[in-house]
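**Q** Could you work out the structure for the sequence below:
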Amino acid sequence: MELILEGIEKRFGEKAVLKGASYTFEEGKIYGLLGRNGAGKTTLFNCLSGDLGIDAGTMRLMDGGQDVYDPERIGLSFAEPVLPGFLTGEEYLRFYLDVNADRIENPLSIPEYFDLIRMAPEDRGRLIKNYSQGMKNKMQIVSFLISRPPVLLLDEPLTSFDVVVAHEMKEMLKGMKEGRIIIFSTHILQIASDICDEIVMLRGGTLSGLDRSQMDREDFEEEVIRLLREDEPGANLTRPEPQVVYAGAGEAQAGVPAPVAAPEGMPAAAAQETVSTAAQTQGDAIPAAPED
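**A** Numbering: from 1, shown residues only. Predicted coordinates for the structure are as follows:
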């Protein structure tokens, strides 16, 4: 199974967020979608899940030579979990199992699902609105363990967890990747490198990949940071160095003041200082590089 994106474009008014994004995601792998804040990671996920329409391009989910893409086959976990806070954890799982009964093969019992996400017995009967952020994210994950979508999109899934819960979630995701395509977005490089088979960078509205061999290099972190910095406004604009040729006797070089003959009545040192100050003023007057 492969999720194939070709030339995906998405605009919001005059702002182009996705500019021909193309990539092929393969079954059985965890992909880290890495990008700066505002790069378009959530926009891409919303397009894949069908919550947003695309302006150009194609999205295909190829399985056995056939395109089986359907938004119903895409599971999207939000950075801020959307759950019914008026239900307890047990009530929610019972409700979710009932609603999806015709699509679930060999379901586990409710206690077994709670055991999978390591939810303490005393928390299972509490109202979801009183759950911590990490517990709410676990409830989202267990929903996907029940419905088993072949493509799972996780928007910043690990940033709100403490060290222990984050480790548990990483192990859970590794155990879920068989038979699935898992893509999770993050702007934290360490999280991506800890768990992913490949890292996909979203920069400049396009997608590019880094495989495991590149991730194991000593200079991997520096290279990723360098690439992501290229997305900064004005990153490719070079501020010109001031080139000033000073008046005076002798052969003056750019940026190097030559001796200056003092006007009548002015000390030589004062004349030299006047020229140096003027040169500095000229350098400071160079306008800053424009922002995108």
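
**Q** nearest residue to Ser208 other than its sequence neighbours?
**A** Leaving out its chain neighbours, the residue that sits closest to Ser208 by CB to CB, 6 or more residues apart in numbering is Met201, at 5.3 Å. C-beta coordinates here come from the backbone N, C-alpha and C atoms, glycine included.

**Q** show me what contacts that neighbour?
**A** Leu34, Gly35, Leu207, Ser208, Gly209, Leu210, Val224, Leu227, Leu228 (CB atoms under 8 Å, 6 or more residues apart in numbering).

**Q** Double-check that it belongs to a helix.
**A** No. Applying DSSP: H, G, I helix; E, B strand; the rest coil, one finds Met201 to be strand, outside a helix.

**Q** Next, Ile30: phi, psi?
**A** phi -110, psi 130 (degrees, to the nearest 10).

**Q** Tell me how far it lies from Lys170.
**A** Going from Ile30 to Lys170 by CB to CB, to the nearest Å gives 9 Å.

**Q** Please enumerate the shared neighbours of the two.
**A** Residues touching both Ile30 and Lys170 (CB under 8 Å, 6+ apart) are Ile195.

**Q** Would you confirm that Val200 contacts Ile30?
**A** No. If you go by CB atoms under 8 Å, Val200 and Ile30 don't touch, sitting 10.9 Å apart.

**Q** which neighbours do the two share?
**A** Shared contacts of Val200 and Ile30, defined by CB under 8 Å, 6+ apart, comprise Ile183.

**Q** Would you map the helices across the stretch 151-292 of the chain?
**A** Taking DSSP state H, counting those that start in this stretch to define them, one finds helices in the stretch 151-292 of the chain at 163-176, 189-195, 212-215, 220-229, 268-284.

**Q** least reliable of those helices going by mean pLDDT?
**A** Among those, helix 268-284 carries the lowest mean pLDDT, a mean of 47.

**Q** Can you pull out the low-pLDDT segments for the stretch 51-200 of the chain?
**A** 158-161 (pLDDT under 70).

**Q** what about the strands in it?
**A** For the stretch 51-200 of the chain, applying DSSP state E, counting those that start in this stretch gives strands covering 56-63, 66-67, 74-77, 151-155, 181-186, 198-203.

**Q** Ser132: which of those strands is closest?
**A** Smallest distance to Ser132 across the strands of the stretch 51-200 of the chain (CB to CB): 16.2 Å, for strand 74-77.

**Q** so what strands line up beside that closest one?
**A** Paired neighbours of strand 74-77 in the sheet (DSSP bridges): strand 151-155 (parallel).

**Q** Off-centre distance for the partner strand?
**A** Centroid separation between strand 151-155 and its chain, computed with CA atoms, centre = their mean, to the nearest Å, is 13 Å.

**Q** for stretch 6-13, same thing?
**A** Taking CA atoms, centre = their mean, one finds stretch 6-13 lying 17 Å from the centre of the chain it belongs to.

**Q** Nothing else from me, thank you.
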